[in-house]
Structures are given as C-alpha cells and as structure tokens.
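# Just to be clear, the model below is a prediction. Sequence and coordinates:
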Amino acid sequence: MGASKLHKRLSKSRLSLSRGLSQLFGATKLEDSDFDDLEDILISADVGVSVSEHIVERLRVSAKSHRISDVAALNEMIREAMVSTLEQTGAPPELSCRPYVLLVVGVNGVGKTTSAAKIANRFKQEGKSVMLAAADTFRAAALEQLQTWARRLDIPIVAQHQGADAAAVAHDALSSALSKNVDILIIDTAGRQHTHSDLMEQLRKIKRVLNKVHEGAPHEIMQVLDATTGQNALSQLRHFNDAVSVDTLCLTKLDGTAKGGIVLAISNEFQIPIRYVGTGEGFDDLQPFEARSFVDALVQEQ
Amino acid sequence: MFEQLSERLQHTVKRVRGRARITEQNVKETLREVRIALLEADVALPVVKDFIKQIQQRAVGQEVMGSLTPGQVVIKIVNEELVSVMGGTSSGIDLKTRPPAVVLVAGLQGAGKTTTVVKLANWLKINSKKRVLVASADVYRPAAIQQLEKLAMDAGIDVLTPGASAALDIAQAALTHARSSGFDVLILDTAGRLHVDESMMQEIQDISRVLDPVETLFVADSMTGQDAVNSASAFNDALKLTGVILTKTDGDARGGAALSVRHVTGQPIKFLGTGEHLEAFEVFHPDRLASRILGMGDVLSLVEQVEQKVDKAKAEKIARKISSGKRFDLEDFREQIRQMEQMGGIGSLIEKLPGAAGLSGQLAGQVDDDQFKRVVAIINSMTPHERRMPAVIKASRKRRIATGSGTQVQEVNRLLKQFTQMQKMMKKMRNKGGMNRLLAGMKGRAPGMPF
C-alpha cells in the first residue's frame, strides 16, 4: 500500500500519540496513573471511553503478569492489542462476479461522492471497466459533482436529474452495466441521517430494486465514515447496518488531525472490515486499509 | 441530539436530588459519572477536565455543604456550568455596520457550509427583512458553486454567479456587486478546508482581509469527535471567529462538539442546523439547552416553534370552529397534522418537553412521524362527505379506504377511534376556555400535549 504516504498523512496523530506515550514510559517505573494517562490519550483519539478502558485494562494485566516495565515492550503490546482488534473483522470481500455492484452509503458530508470517484479511478487504474451511477438525486448539484469527476476520469456515468427516483437511477444504471458488460458499477447515494426512518427505507428500496434487476446485487454495500466523527459513528453504523447490512467501510479525511480512533471502537463491536482510507481531495488519495500499517503509523515512535 | 448525554446526566442528577447530606465521596462519584457522560457525548477531554474542575471546586466548597438542599445545589451548579461552557445567553447575529454587512462562512469539508449559507440568508430575509446576496468562493470541489446557485434560487435568494476563477477575485467581485446593488448583507460561502492545509488557510485569511467581515462564522458538524478542539482553535487563530453554527443536530449525535468548540474558540454558538430543509434552522439558546440536557425541558423554544411555524390563519380558523361549537372534522385533523409536520415533526416537539429526554428514545419508536403520513393517506382516501361525517364510515367504506391508502382496515379503525377521542377532548377544551388556556398552562407547568 502507499504506506509511506499514509504514514506521512498520519504524522499528526502519530506525533501526539507517541509523544504522549514516550512521556508516559520514558520515565522510570510504571505507575498506576501512567495507565490513566494512556486512557486519556486513547480517549482523545476518539477510541471511546469503554474501549479505551478495555484496552488499558488488558495492558495493565499483561504488564503485571509479564513484569514489563520498559517503553518498547509496552509500545509493542499496545500495537498488538490494536491490530488484533482491527483484524478480527476479517478481510473485505473479493470482486467475485461481473458486474460487481458497489453501493456507497453514509450520512451527509462524510465524502461519499469523492470516495465513489476515487474508488472508480482505482479500479480503472487496475485495468477494469468501471461505471458510475449518480443516485444522489436529493442534494443540489450532487449529480453535477459526480459528472464532473466522471468526465475528468473518463468513466461512463448514468444520471437522471435532481428529484428523480434514486431507485430508478440505480435500476437504469444496473441494466446499462449488464448490457455493456462492465466489471464494476459504483452507485453513489444521497447522504442521509441514520435516524430518519423514511430515508433508510428509501435505501432498502434501492437495494431491493438492484436485486430484482440482477440477483445478488448489490454485492457490496460500503458505508463511508468521516474520521473526524466521534462516538456517533457507532450509531451511524448500527442504523445503516440494521437497514441494509453493511459489508465494508471507507474511512475518509484521515489527512487532518483527526486520529480515526473510532475504527477501534467499531471493530470492537462489528464484524465489518475497512476496505479503504481516504487521505485527501485528489482522485488518487485513497489506499486500501491495512491494520498493521495503520496502527504502526498511529503509535510509531519518532 | 443531546438525548443520551441528557439521559445520563439526569440519571446522575436524580440520585443526588433528594439528598439531605452530600459527602465529598458522593460528589466524587457523581463527577466521575458526569465525566463519562460528557466523554461519551464527544466533549473534548481538555474541556471535560476544566468542566469537572469547576464543578468540583464549587460543589465541595461552602456552597453545597452550607445549603439545606445540597442535592438541588449540585444540580444548580452543573446547570450553571453547562450554560457557562456553552456561552451564557443567546447572542444573535450582529449586522450593525455600514451595509453591506459581510458574513464569512468557513469550516472543514462536509460540515454543511453551503446549506447553512442559504438557510442563514433565508432566516435573515424573513426575520430581519434584509436584502441578502450570497456567493460561493468554492472553486475546488466539483459543482460546489452550482450547488449554492440551485439552493439559493429555490429559496428565492439573490445569488452572484462568479465570473472569476480564483476565490479571492470572487470575494472581491461579490463585495463590489453587493455594494453597487444596495444589498444589506453579503454571505460568502467558502471551500471546505483542513486546518492543517497552510495554503488553503492562507487563502481564507486573504479573503477575510479583503472582505473585512462583520461576522466570521465557523460551521461545525455536531457529530465531530475529539478533533473538534484542534480544528476549531486553528480556524479561530487564523480568522478571529465571531460565532459558530452547529449543523446536523437532527441526528442522534450527542453534540459534545458544541461544548468543545465553544470552549476553545470562546465564541458563542449562534445557530443550529436541524435538518435538510431550508427552514430547519434555529437560533441557539445555551440556557435553554442546558435545561434540556438536565431534563427541565425547553418549553420556551417549543412555544416559539409553535408560534412561528403554525399557519396562524388556518389555526385560528380551526380554533374558531371549535369554540363556536362546530364539529371538528377529519379535514381539520389532517390540517393539524400538516402543521405539525411543518414544525419539524412530532419528534422535534417531544424532545423539547420537560422530562422528555428519557422518553424520546422510546417514543421515537412508537410515535413515528411515518404514522402520521399513513394517517394523512387514510384521510386522503376518504370522500369529502366521509371526512365531514366520519360516522357514515362502515365496513365496506373502511375496506375501500384501506385499499385506497395502502393500509389495513385495522389502521382505519384505529384512526377513527382516535379521532372520536380527539373530538371529545376538543369538546372539553371548548368548555374550559379553549386554546389560550391550554397554552397558558403549558408555559407554567407544562402538561401533556393533546396528542
């Protein structure tokens, strides 16, 4: 993966976390309050209170039973604890059939449209034939936004007009993808607050319609999460997962100072793998998620 | 928003409320729970620490121990500190300058700036009778300028289509146009930017220098986590913010970002975005919100919401009809549901009622706004005669109505039964002195609402 790039992008979070850690463990003996400080560091990274307490408790017990007192060993333990939490979700699914239909969902403003374009670009670079569908028919100029991306990337796009039925756009797009025999169809949907049951119902309808056109579709429902989001990401995922069963995640906006620690809380609760991380506004600012590099970048010492 | 924080705090508060004696240990335990509640609500850690310290100092001191009702005093302290963290009383928007008054809107990507710009313009147009011009200097995100144009045109707001392709030139042109065309207010939308992106932060500083805005508003997503302190303070350092608009508060985010942003910028939260529609925009009242968090309800906002959004002419017509002794029929009922929807649905009304924080979660399941849509569908499937004389609706009519509205006969039955009950209540209200009396009661001790 673009490990060095992600590494660079994550440098802000790495800095603050590792500075915190070396302050903690650079000293002499470990005190109980050091673990409390570690808990603070994790909470500040959006890991959440209960998961942070859980991780710290695990460390406290292992540190005691293994009589560990030096920084490097503890650092390694923290890393292992995080990686194992992230890896218990398994790997994202393979692109097993053609056309492989990827439905992109999420709340407002997380970066669905930009991510859809980046993913399309990524598959195109791999030599696959890609089609985009603009099923965000609600937000003003959302389809123009995706059309602009499609033109820049030279990727075919199916779109109607603002206010059109999103399920109808999805239907047309899949019919078109079938007849043109493309490898991957990526469908962008409107941002919706997960608490609005009518909007979630609309999403279920899109899913039903796709399955009617082509059995098995959509093959992957990817929820986009904003790395700056706090504990609400858990609620978002719970609602979307209940409504349409989410298969993968895409974590965006990791190029800021947001630490993305919420993915630890997510992996602790859901068996949903993270497929990509977004690290900028350019169409190649997208990397496959890899737990070890992610954690390394997060906790690595300077 | 805020429900879960509120639930947790209320639970904590309940335990100390009745206590005649409060030990230091009690206070410590309570504060630990308050700390967890705030952290789970995404209030940033440094803000939580300050907050707890403040309460601790006051709670352990004379103020509580010397009181006859220490439990009440602790609640009072938490309430006061919440209000003070969120910024005292409502601050409104300050446009007192030689027109055009310029409002610069800034924030991270996806916070909701463009929607907010149009909502604010619409709010100023209606509430301050101002001539407002909006323009977008977002030359980066594809179709961002088109998005503002479409939204503004739908809302009947004047929008400048930029001829230039650099953000700074657009800002300059917008100011010139606002000046020469005699607009009272210019609101400039800008591109979403990361606070660590130096060149983009430089760009917005340049724009600010050219425009010399009277208000610089930071748009913050209420779902933001711990990072809110970093982004907000960076924007504040670069731009000298004058206020914050908190968006997407219609979700279930616990809204701790409100406390964090307010704390690090020192600037008040001025407005809340409460939905995707143009009118889903409210003035933020910190004092009222603190009461809501502590479960004391926000009846003032509720009354205002009712006053603002209800179509007065229609409401009075119904009221006159009831008080003059005429029958309240299904057409009136349907009209009432429509008005309630205009007020943001029943969920938004319920969460403002005292003691509703614990309820609204459960109620959300039961009193779904969807149900009202079904009710309207059922009424729509009736003939005018049936609406006026529901008594004529018997078995075969019920079957027809159910089929026509895509519902079940049982649902039609339920509606008719509820409606009969409502008619009885209307009759009672008429006898007791009507709507005014009901509203007066609501301001005082807030009884249950009539639905």
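Right, received. Where do you want to start?

# What distance do you get for A:Val213 to chain B?
Distance from A:Val213 to chain B, counting by Cβ to the nearest Cβ, to the nearest Å: 24 Å. In short, each C-beta sits where N, CA and C put it, glycine included.

# and if you look at A:Gln162?
With Cβ to the nearest Cβ as the criterion, A:Gln162 and chain B are 7 Å apart.

# Am I right that that residue is in contact with B:Leu151?
No. In this structure, A:Gln162 is not within contact of B:Leu151 by Cβ atoms under 8 Å, at 10.9 Å.

# Looking at those two, which one has more neighbours?
Neighbour comparison, A:Gln162 and B:Leu151: the larger count goes to B:Leu151, with 24 against 17 (by other Cβ atoms under 10 Å in any protein chain shown).

# In contact with the nearest residue to that one once chain neighbours are set aside, which residues?
Leaving aside its chain neighbours, B:Leu151 sits nearest to B:Val118 (4.3 Å; criterion: Cβ to Cβ, 6 or more residues apart in numbering or on different chains). By Cβ atoms under 8 Å, 6 or more residues apart in numbering or on different chains, the contact list for B:Val118 reads B:Val134, B:Leu148, B:Leu151, B:Ala152, B:Ala155, B:Ile157, B:Leu278.

# helix or strand for residue 82, which one?
Just going to use chain A. Taking DSSP states H and E as the criterion, A:Met82 maps to helix A:71-87.

# wrong one, I was asking about chain B
If you go by DSSP H and E, B:Leu82 is part of helix B:70-86.

# mind checking how far the following helix or strand past that helix is from the chain centre?
Sequence order places strand B:101-107 as the next helix or strand after helix B:70-86, per DSSP H and E. Centroid displacement of strand B:101-107 relative to its chain, using Cα atoms, centre = their mean, to the nearest Å, is 21 Å.

# Partner strands of strand B:101-107 and their direction?
strand B:185-189 (parallel), strand B:215-221 (parallel) (DSSP bridges).

# For the helix holding A:Met82, name the packing helices and strands.
helix A:11-25, helix A:49-65, helix A:262-269, helix A:291-299 (3 or more Cβ pairs under 8 Å, 6 or more residues apart in numbering or on different chains; DSSP states H and E).

# Without its sequence neighbours, what residue ends up closest to B:Phe333?
B:Phe419 (6.1 Å).

# Walking through chain B, point out its strands one by one.
Counting by DSSP state E, the segments of chain B that form strands are B:101-107, B:132-136, B:158-160, B:185-189, B:215-221, B:243-247, B:269-273, B:281-283.

# Which pLDDT does the model give A:Glu290?
The score at A:Glu290 is 89. That number is its pLDDT.

# quick one on the thing from earlier: dump the strands of chain B into TSV; add mean neighbour count as well.
Putting the strands of chain B into TSV (neighbours: other Cβ atoms under 10 Å in any protein chain shown) gives the following:
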stretch	mean neighbour count
strand B:101-107	25
strand B:132-136	27
strand B:158-160	22
strand B:185-189	28
strand B:215-221	26
strand B:243-247	26
strand B:269-273	24
strand B:281-283	19
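
# re earlier: my guess is the residue nearest to B:Phe333 meets B:Arg387, correct?
No. Contact criterion Cβ under 8 Å: B:Phe419 and B:Arg387 do not qualify, at 10.2 Å.

# what sits in contact with each of the two?
Both B:Phe419 and B:Arg387 are contacted by B:Leu330, under the criterion Cβ under 8 Å, 6+ apart.

# low-scoring stretches of the chain, by residue?
Answering for chain A, as no chain was given. Across chain A, the ranges flagged by pLDDT under 70 are A:1-31, A:69-72, A:297-302.

# oops, I was thinking of chain B
B:1-22, B:61-75, B:88-89, B:288-327, B:340, B:342-369, B:426-451.

# Indicate the residue of it located nearest to chain A.
Chain A sits closest to B:Gly225 of chain B, with a gap of 2.5 Å, by Cβ to the nearest Cβ.

# so that residue sits right up against A:Ala258, yeah?
Yes. With contact defined as Cβ under 8 Å, B:Gly225 reaches A:Ala258; the gap is 7.2 Å.

# Pull out the buried residues from the helix holding A:Met82.
Using 16 or more other Cβ atoms under 10 Å in any protein chain shown as the test for burial, helix A:71-87 gives A:Val71, A:Leu74, A:Asn75, A:Met77, A:Ile78, A:Arg79, A:Ala81, A:Met82, A:Val83, A:Thr85, A:Leu86.

# what's the answer for stretch B:30-40, then?
Result for stretch B:30-40 [16+ other Cβ under 10 Å]: buried residues B:Thr30, B:Leu31, B:Val34, B:Arg35, B:Ile36, B:Ala37, B:Leu38, B:Leu39, B:Glu40.

# now the residues you listed as a markdown table including distance to A:His54?
Shown next, in a markdown table, are the buried residues of stretch B:30-40 (distance: Cβ to Cβ, whole Å):
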| residue | distance to A:His54 |
| --- | --- |
| B:Thr30 | 24 |
| B:Leu31 | 22 |
| B:Val34 | 21 |
| B:Arg35 | 17 |
| B:Ile36 | 14 |
| B:Ala37 | 18 |
| B:Leu38 | 19 |
| B:Leu39 | 14 |
| B:Glu40 | 14 |
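
# B:Gln423: which of the residues you listed is nearest?
B:Ala37 (44.0 Å; Cβ to Cβ).

# Return the distance of the closest one relative to A:Gly127.
The spacing between B:Ala37 and A:Gly127, counted by Cβ to Cβ, to the nearest Å, is 52 Å.

# Same question for A:Ile157.
According to Cβ to Cβ, A:Ile157 and A:Gly127 sit 19 Å apart.

# Distance to B:His177 added to the strands paired with strand B:101-107, as TSV?
TSV is the format used below for the strands paired with strand B:101-107 (distance: least, Cβ to Cβ, whole Å):
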stretch	distance to B:His177
strand B:185-189	8
strand B:215-221	19
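
# Which one, of the ones you listed, ends up nearest to B:Ser90?
Using Cβ to Cβ, the strands paired with strand B:101-107 put strand B:215-221 closest to B:Ser90, at 14.9 Å.

# What is the burial count for B:Arg179?
What B:Arg179 shows, counting by other Cβ under 10 Å, is a neighbour count of 14.

# To clarify, my last question referred to B:Met382.
Neighbours of B:Met382 under the rule other Cβ under 10 Å: 22.

# mind listing what A:Val224 touches?
Residues in contact with A:Val224, defined by Cβ under 8 Å, 6+ apart, are A:Val104, A:Val105, A:Gly106, A:Val110, A:Gly111, A:Lys112, A:Ser115, A:Leu249, A:Cys250, A:Thr252.

# and it, what helix or strand is that in?
Counting by DSSP H and E, A:Val224 is part of strand A:220-226.

# Can you list the buried residues in that strand?
Neighbour-count burial for strand A:220-226 flags A:Glu220, A:Ile221, A:Met222, A:Gln223, A:Val224, A:Leu225, A:Asp226 (criterion: 16+ other Cβ under 10 Å).

# OK, contacts around the first one?
It refers to A:Glu220. Counting by Cβ under 8 Å, 6+ apart, the residues that A:Glu220 touches are A:Pro92, A:Pro93, A:Tyr100, A:Val101, A:Leu102, A:Leu103, A:Asp247, A:Thr248.
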